[in-house]
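Visitor: Generate coordinates for the sequence data below:
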Amino acid sequence: QVQLVESGGGLVQAGGSLRLSCAASGRTFSRYTMGWFRQGPGKEREFVAAIRWSGGITYYADYADSVKGRFTISRDNVKNTVYLQMNSLKPEDTAVYYCAAKSGSNGPYDYWGQGTQVTVSS
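Guide: Below you'll find the model as predicted:
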């Protein structure tokens with residue numbers, strides 16, 4: 001069982017930055033694929049970014065087109081934490097952001113956090 005706890009959300013003006021954190025429990029955190037998703041008002045949940053283990057010490061990151069060049073996902077396997085650095089925020093980035101985890105690269109995410117609100121004012 002993996003438990004995920006997000007933090008770092010808040011209110012920011014357009015053009016500003018926030019860093020979200022997701023602390024995870026679990027002994028094999030380093031091999032989990034970790035992802036960030038978001039759900040805006042009246043919208044379906046959508047993929048934002050993911051970072052997956054590729055063997056050894058290699059990880060690959062994937063991003064939604066809407067956040068490429070603005071958001072960066074990273075992880076600290078010592079702290080069992082994944083981060084989402086969000087720069088150049090736009091009002092359309094307003095959403096509840098969720099952290100998710102799965103034990104492999106394929107298939108659905110098995111574990112989800114409770115979400116953290118990000119509001120970007122214009």
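Visitor: And the residue most central in space within the chain, how far from S122?
Guide: Nearest to the geometric centre of the chain sits W36, at 2.7 Å (Cα atoms, centre = their mean). Using Cβ to Cβ, to the nearest Å, we find W36 at a distance of 23 Å from S122. To be clear about C-beta, it is placed using only N, CA and C from the backbone, and glycine gets the same treatment.
Visitor: returning to that earlier point: please confirm that the residue nearest to the centre of the chain is located within a strand.
Guide: Yes - assigned with DSSP: H, G, I helix; E, B strand; the rest coil, W36 falls within a strand.
Visitor: who's in contact with the residue nearest to it when sequence neighbours are not counted?
Guide: Excluding the flanking residues, the one nearest W36 by Cβ to Cβ, 6 or more residues apart in numbering is V48, at 4.3 Å. Residues counted as contacts of V48 (Cβ atoms under 8 Å, 6 or more residues apart in numbering) are G35, W36, F37, R38, Y63, A64, V67, F71, L84, Y97.
Visitor: Pretty sure Y98 sits against G9.
Guide: No - counting by Cβ atoms under 8 Å, no contact exists between Y98 and G9, whose distance comes to 10.7 Å.
Visitor: When the two are compared, which one has more neighbours?
Guide: Neighbours per residue (other Cβ atoms under 10 Å) separate Y98 from G9, with Y98 holding more: 22 against 17.
Visitor: if I look at the residue nearest to W36, how far off is Y63?
Guide: 7 Å.
Visitor: returning to that earlier point: quick check: phi and psi on the residue nearest to W36?
Guide: Main-chain dihedrals, V48, degrees, to the nearest 10: phi -110, psi -50.
Visitor: quick one: it from C99, how far?
Guide: 10 Å.
Visitor: same check, this time on S74
Guide: Taking Cβ to Cβ as the measure, S74 and C99 are separated by 13 Å.
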